[in-house]
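1. Based on what follows, work out the 3D shape:
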Amino acid sequence: MSKMVTPPAVTRMQAVLQKEMVREFLAEFLSTFVMMVFGLGSVAHMVLGDKMGSYLGVNLGFGFGVTMGVHVAGSISGRMSWKKFPVYVLGQFLGSFLAAATIYCLFYTAIIDYSGGKLTVTGPTATANIFATYLPDHMTLWRGFLDEVLVTGMLQLCLLAITDKENNPALQGTQALVIGILVVIIGVSMGMNSGYAINPSRDLPPRFFTFIAGWGTQVFSTKDWWWVPVVAPTLGAYLGAIIYLIFIGSSIQREPQILETPSTCEDRTTPVLPKTVSHPPATSSLTPVSVSPDNRPSVLSQP
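-> Below is the predicted model:
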């Protein structure tokens, strides 16, 4: 039997897909698409479905949508260098844009029926809010800006706590679930004022889609809000990270470093420990550990 020959075009495609940056782009694209399809779909149920949806349902949709997104790409995309930043932004933008287009197609007849065939941004039959966030009447622009900064700061602060291996991180394998629960908590406790975009890719790409799909320029002009979900979450994330590093990160005791003599540099199978360091007792991963002044780890008593 003759061997099957792979066409050159398929070979080139496989080579391209194996490149690290391409894989990270595709992972970011797909994970954002998954998150946004579940999130926007839950909003569509609340707006269009009468008793089929609820505000709690929206929070659960976005929260566990984030969980599924982390599972899709958690081991591929993550911390990145600055040169990869545009690739991640593009992947998230396209994934979110496609998710908005998908929800539009899925719920098109319901949107037309609910709005009477007129795509509006404000008023009793507004449907643009299915895709992007809009300020309620009781909020001003700058109060909404501060709200987004605070909410995103809380998100970033808690994300660092969840993933900080030197502190008290979530158990291995549960990080995605805990992050999803965090998003749900933020939504049910602080979401009503500004819609808690907490990520530029959650708001701007779907808003741009609604502009193209027929809602018009009002999606950008209403209360001049469109730029806030882009700028405020970025500022809030930085502030949340700085606060965590100052209040928590700087106070965490690091484990003593292993010292090596010149003779052990050649043979790393026999490391030499300083005489002042003793091996810590076996403890649960949930048990806080401190380092006493004599460099000996000690288990803190639980209240």
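2. Kindly confirm my reading that residue 110 is in a strand.
-> No: with DSSP: H, G, I helix; E, B strand; the rest coil as the criterion, residue 110 is assigned helix and is not in a strand.
3. Distance-wise, check it relative to residue 121.
-> Counting by Cβ to Cβ, to the nearest Å, the gap from residue 110 to residue 121 is 18 Å. Where you see a C-beta, it was placed from the backbone N, CA and C, and this is true even at glycine.
4. ditto for residue 244
-> Between residue 244 and residue 121 the computed distance is 37 Å (Cβ to Cβ).
5. go on, residue 90?
-> Counting by Cβ to Cβ, the separation of residue 90 from residue 121 is 27 Å.
6. repeat for residue 83
-> In this structure, residue 83 lies at 38 Å from residue 121, with Cβ to Cβ as the measure.
7. Over to residue 115?
-> Relative to residue 121, residue 115 is positioned 11 Å away (criterion: Cβ to Cβ).
8. same thing with residue 54?
-> Shown here: residue 54 relative to residue 121, a distance of 23 Å by Cβ to Cβ.
9. and these two? which has more neighbours close in?
-> Neighbours were counted for residue 54 and for residue 121 using other Cβ atoms under 10 Å; residue 121 has more, 19 against 13.
10. in which helix or strand would I find that one?
-> Secondary-structure assignment from DSSP states H and E places residue 121 in no helical or strand segment.
11. quick one, phi psi at it?
-> Its backbone dihedrals place residue 121 at phi -100, psi -30, with angles given as degrees, to the nearest 10.
12. for residue 106, same thing?
-> phi -70, psi -40.
13. Show the pLDDT at it.
-> pLDDT recorded at residue 106 is 98.
14. The closest residue to residue 199 other than its chain neighbours and residue 209: what is the separation?
-> Sequence neighbours aside, residue 233 is the residue nearest to residue 199 in space, at 5.8 Å (criterion: Cβ to Cβ, 6 or more residues apart in numbering). Counting by Cβ to Cβ, the gap between residue 233 and residue 209 amounts to 19 Å.
15. Between these two, tell me which one has more neighbours.
-> residue 233 (25 against 21).
16. Which residues are in contact with the more buried one?
-> Residue 233 makes contacts with 148, 149, 152, 197, 198, 199, 200, as judged by Cβ atoms under 8 Å, 6 or more residues apart in numbering.
17. Which secondary structure state is assigned to it?
-> With three-state DSSP as the criterion, residue 233 was assigned helix.
18. Can you pull the poorly scored residue ranges out of the stretch 1-150 of the chain?
-> Where the stretch 1-150 of the chain drops to pLDDT under 70, the residues are 1-5, 10-18, 77-80.
19. what about residue 31, how many residues close to it?
-> The tally of other residues near residue 31 (other Cβ under 10 Å) stands at 24.
20. Quick check: it is in a strand.
-> No: checked against three-state DSSP, residue 31 lies outside a strand; its state is helix.
21. Spit out the contact partners of it.
-> Taking Cβ under 8 Å, 6+ apart as the test, what residue 31 contacts is 69, 70, 72, 73, 74, 77, 95.
22. For these, which two are the farthest from each other?
-> Of all pairs drawn from the contacts of residue 31, the one with the largest separation by Cβ to Cβ is 74 and 95; the distance is 15.0 Å.
23. Out of the two, name the residue with the larger neighbour count.
-> Counting neighbours by other Cβ under 10 Å for residue 74 and for residue 95 shows that residue 95 has the greater number, 27 against 15.
24. Please tell me how far the nearest residue to the more buried one once chain neighbours are set aside sits from residue 159.
-> The shortest distance from residue 95 to any residue that is not its chain neighbour, by Cβ to Cβ, 6+ apart, is 3.3 Å, and that residue is residue 32. Between residue 32 and residue 159 the distance, using Cβ to Cβ, works out to 16 Å.
25. Show me which of the two is the more surrounded one.
-> Taking other Cβ under 10 Å, residue 32 and residue 159 do not tie; residue 32 has more neighbours (29 against 18).
26. name the element the residue nearest in space to the middle of the chain belongs to?
-> For the chain, residue 66 is the residue whose C-alpha lies nearest the centre (Cα atoms, centre = their mean; 6.5 Å). Secondary-structure element containing residue 66, defined by DSSP H and E: helix 55-73.
27. And the nearest residue to residue 45 once chain neighbours are set aside, its phi and psi?
-> Closest residue in space to residue 45, ignoring its immediate chain neighbours: residue 53 at 3.0 Å, by Cβ to Cβ, 6+ apart. Main-chain torsions, residue 53, degrees, to the nearest 10: phi -140, psi 170.
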